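Engineer: sequence and predicted structure are below.
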Amino acid sequence: MTTETAPPTAQAGPRALAWQRRRHSVARFWKQYRTRRAGLLGLATLVLFALVAVTAPLTVGSDVSSVTAAPGRPLQGPSGELPLGADRFGRDLLGLLVWGARVSLLVGLLAAVLSVAIGTLVGVTAGHFRGMYATVMMRITDWFLVMPTLVLAIALATVMSRSLGTVILAIGVTSWPTTARLVRAQTLAVESRPYIERARALGGGHRHIMLRHVLPNVMPLVLAQTTLMISSSILAEATLAFLGLGDPTVVSWGGLLQDAREAGAVSSGDWWYLVPPGVAIAVVALAFTLCGRAVESVLNPRLGVAR
Amino acid sequence: MTADAASAPAARPDAPPAGQPPDRGPRAGGGTAYLRYAAGKAGGAVVSLLAVLVTSFFLFRLIPGDPVKFMTGGRPVSAGQLAAYRREFGLDLPLWRQFTDYCGKALTGDLGTSYQFRAPVVDKIADALPNTLLLTGTAFVLYSALGILLGTRSAWRHGRVGDRVNTGLALTLYSVPSFWLGLLLIIVFSVGAGPVPGLFPTGGMESGGKEGLAYAVDVAHHLVLPVITLVAVEYGQTLLVTRSALLDEMGGDYLTTARAKGLRDDLVRRRHAVPNALLPTVTLIFVNLGRTVAGVILVETVFSWPGLGGLFYQALSVPDLPLVQGLFFVFAAAVIVMNTLADLVYPLLDPRVGR
């Protein structure tokens, strides 16, 4: 990454300098991340799953979820042509698993981004504007924090229509308080540094300080938080789908598990129907957690995560 | 849940890092300072509980559709009957009257009547509560003990193979959906897979027709698989919190002193390091209870355990609004009360804080 950067020259403008600094810190970050074996393993797994999900239309095609064109008998066990067997409609389970990766990853990603975005907004503003506003915002945050997140998400998913948007919204708006707390603490730390005072003395407004000074400083933290949040969002999505609160028209890993349970896979001992979706959820959630912890330990070596 | 879920390992972000517990309590002063602190915490808890009460009312009024239609289940019913149902459940009143009625009744311990069971919500909850407490309590004690034990060992020998295996296993189980693990355990140990015969019942809490000791043994037999599931998915969090709390303590000078006195390694760990690391850990175990609530709902659903979680699932599928509302309140209240207790106990446990 650093190879294309020109050596610092006196003519370089402030913008170019800033970019150069950013490229350097990314390179430094990567150099340290590379030494975390668990983090690399997680990253490799994620790349693999992402590739599978992105290329799914080419490899399995969207008609894999069609009930009428099912290739196998209902609840057919694993065989040569259907390596993971068939579901209760006779659809190819391997194909469904691959197709389900798209929904699970997408929902996990979007819910986490939504949750972290709300958390960052609340955290930065509550850290920047002190007084009444901060007090009220942190009260709300604390209140959300003690609510059992899943119960709240279930409640939201119950009252809204069954769709992917609902699931994303339900997970996103219930899981942001952790991020808000973290970001606020970091904002307070950044704002106490002298260069913020300098920016203010030079006439920098609230927006300028929050966007140009505070935000770049909390971004690394936000990145780590997003990675960890994706992992829990994927688990939350699977849980909601399993409870029958997901979108019934799309294939997701949690939905496959619910199908399997409704089809009586448990009492008839059809483990091949149940095992793959659960393993997929666990592997992806674990991979995101490993990445998140590696990012965290690089950014904050005091945590003792990788010691 | 989940959701604050995966962030928890090692560095739980919403609570400050181990070693700096969330609230240090009163810094100076004696008994009065503690009383003032306790009153503040208790007052906050009461406000939270009221907020939960209000939320649970309005949140579930947002459900589109007529609750009476749900109740009659699409059967052809005359307009007169519908009106009678509305009157029975107080649905013919304007929303603000429904709300004041709800609040007034809730304060006297009446949470309304279940649409589904035609029984007071409070009774349904009271019936299910002991079962949930049995399951959750057993699992809670076991996973806390296991997490603290393994976390201590892991931190004491950090970086070695044992630590890596321990942490890796905890993280893996932590990423496993609890309901899925429950289903797998049922397949392997109840239905029987390959050479393993069906050892445990597939669900429920008792086989019926037993009394005395035989009944207790029967319930314990039914308890095994749900408890294993809960412990497996929850202990990782405690392990990681304990591990990082102990790692924070391990650089302490007092440990060097203890070793210089000639104490055995084992004693240094048990008498000096662990008690200090345990304080933040205990607080975090209570703070993390919200996640356990989620686990309990799923595990009870999967194992048809006749507790609050199973009831919640049943109520959701109708949807039985008063029951869902009441259970929502109970779950949130449980977490709030436990958190408040942890806040209240903390300054008493840690002599470095307060007086």
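Structural biologist: Received, thanks.

Engineer: could you list the low-pLDDT ranges of chain A?
Structural biologist: For chain A, the stretches with pLDDT under 70 are A:1-11, A:67-72, A:74-75, A:77, A:80-81, A:301-307.

Engineer: tell me where it has helices.
Structural biologist: A:14-33, A:37-54, A:56-59, A:93-128, A:132-146, A:149-159, A:164-174, A:177-191, A:194-201, A:206-208, A:215-242, A:253-262, A:271-299 (DSSP state H).

Engineer: what do you get for the stretch 101-250 of chain B?
Structural biologist: Assigned by DSSP state H, counting those that start in this stretch, the stretch 101-250 of chain B shows helices spanning B:121-156, B:161-175, B:178-185, B:212-249.

Engineer: on that earlier part again, any chance of the helices of chain A in TSV with mean neighbour count and distance to B:Ala42 as columns?
Structural biologist: (C-beta placed from N, C-alpha, C; glycine too.) Output for the helices of chain A, formatted as TSV (neighbours: other Cβ atoms under 10 Å in any protein chain shown; distance: least, Cβ to Cβ, whole Å):
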stretch	mean neighbour count	distance to B:Ala42
helix A:14-33	12	45
helix A:37-54	17	43
helix A:56-59	12	54
helix A:93-128	23	25
helix A:132-146	16	14
helix A:149-159	25	23
helix A:164-174	23	26
helix A:177-191	23	22
helix A:194-201	12	38
helix A:206-208	11	37
helix A:215-242	26	31
helix A:253-262	24	39
helix A:271-299	24	35
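
Engineer: TSV for these, including distance to B:Val302?
Structural biologist: What follows is the helices of chain A, written out as TSV (distance: least, Cβ to Cβ, whole Å):
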stretch	distance to B:Val302
helix A:14-33	38
helix A:37-54	26
helix A:56-59	29
helix A:93-128	20
helix A:132-146	26
helix A:149-159	15
helix A:164-174	20
helix A:177-191	27
helix A:194-201	52
helix A:206-208	50
helix A:215-242	9
helix A:253-262	8
helix A:271-299	11
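
Engineer: could you dump those helices to TSV with distance to chain B?
Structural biologist: Formatted as TSV, the helices of chain A follow (distance: least, Cβ to the nearest Cβ, whole Å):
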stretch	distance to chain B
helix A:14-33	17
helix A:37-54	8
helix A:56-59	22
helix A:93-128	7
helix A:132-146	5
helix A:149-159	4
helix A:164-174	6
helix A:177-191	4
helix A:194-201	23
helix A:206-208	26
helix A:215-242	4
helix A:253-262	6
helix A:271-299	4
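
Engineer: which residues touch A:Ala260?
Structural biologist: By Cβ atoms under 8 Å, 6 or more residues apart in numbering or on different chains, the contact set of A:Ala260 is A:Asp87, A:Arg88, A:Val266, A:Asp270, A:Tyr273, A:Leu274, A:Pro277, B:Leu183.

Engineer: wouldn't the fifth one be in contact with A:Val266 here?
Structural biologist: Going back to what we said before, that points to A:Tyr273. No. If you go by Cβ atoms under 8 Å, A:Tyr273 and A:Val266 don't touch, sitting 9.3 Å apart.

Engineer: if we can go back for a sec, so which of the helices of the stretch 101-250 of chain B is the most surrounded?
Structural biologist: helix B:178-185 (a mean of 24; mean count of other Cβ atoms under 10 Å in any protein chain shown).

Engineer: so what touches that helix?
Structural biologist: Contacts of helix B:178-185 (Cβ under 8 Å, 6+ apart): A:238-239, A:242, A:257, A:260-261, A:266, A:271, A:274-275, A:277-278, A:281-282, B:173, B:225-226, B:228-230, B:232-233, B:295, B:298-299, B:301-303.

Engineer: what parts of the stretch 51-200 of chain B come near chain A?
Structural biologist: Listed as neighbours of chain A in the stretch 51-200 of chain B under the rule Cβ under 8 Å from any Cβ of the partner chain: B:51-52, B:59-60, B:62-64, B:158-159, B:168, B:171-172, B:174-177, B:179-181, B:183-184, B:186-187, B:191-193.
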